[in-house]
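S.K.: how does the following fold in three dimensions:
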Amino acid sequence: MADGTQGRQVEERWLDTGSGPGRVVQVYVYPADPVETARRALKVHLENCAECAPDSWCPVSDRLYAAYRGERGPAS
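M.R.: Coordinates of the predicted model:
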């Protein structure tokens, strides 16, 4: 049964408590999913690019889409 712990790593991070001294804590981190990373990069670009419109994309968005498709693999 999957418990959601596959691939997690423990790292030490600085925790700033806002009041008083901060401290180092151990946190679980999970490796980024390359497909999700590529999708998010394209989404953020499309939301913020003045050149991109619903019917036309700029060269940067074309490259980001190609990277996303490359990570995702062929459509099934």
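
S.K.: contacts and neighbour counts: CA atoms only from here.
M.R.: Will do.

S.K.: and the residue most central in space within the chain, what element?
M.R.: What sits nearest the mean C-alpha location of the chain, by C-alpha atoms, centre = their mean, is Thr37, with 3.5 Å. Per DSSP states H and E, Thr37 falls inside helix 34-48.

S.K.: from Val24, how far out is the residue nearest to the centre of the chain?
M.R.: Counting by C-alpha to C-alpha, to the nearest Å, the gap from Thr37 to Val24 is 27 Å.

S.K.: same check on Tyr30?
M.R.: Tyr30 is 19 Å from Val24, by C-alpha to C-alpha.

S.K.: what do you get for Cys58?
M.R.: Counting by C-alpha to C-alpha, the gap from Cys58 to Val24 is 43 Å.

S.K.: again, but for Glu11
M.R.: Applying C-alpha to C-alpha to Glu11 and Val24 gives a distance of 10 Å.

S.K.: number of nearby residues for Ser61?
M.R.: Here the number of neighbours of Ser61 (other C-alpha atoms under 10 Å) works out to 19.

S.K.: where exactly do the helices run in the chain?
M.R.: Ranges of helices in the chain, per DSSP state H, are 34-48, 59-72.

S.K.: looking at these, spot the one closest to Gly18.
M.R.: helix 34-48 (30.3 Å; C-alpha to C-alpha).

S.K.: who does that closest one touch, helix- and strand-wise?
M.R.: Judged by 3 or more C-alpha pairs under 8 Å, 6 or more residues apart in numbering; DSSP states H and E, helix 34-48 is in contact with helix 59-72.

S.K.: more neighbours: Cys58 and Val24, which one.
M.R.: Counted by other C-alpha under 10 Å, Cys58 and Val24 do not tie: Cys58 has more neighbours, with 14 against 11.

S.K.: count the neighbours of Glu12 for me.
M.R.: 12.
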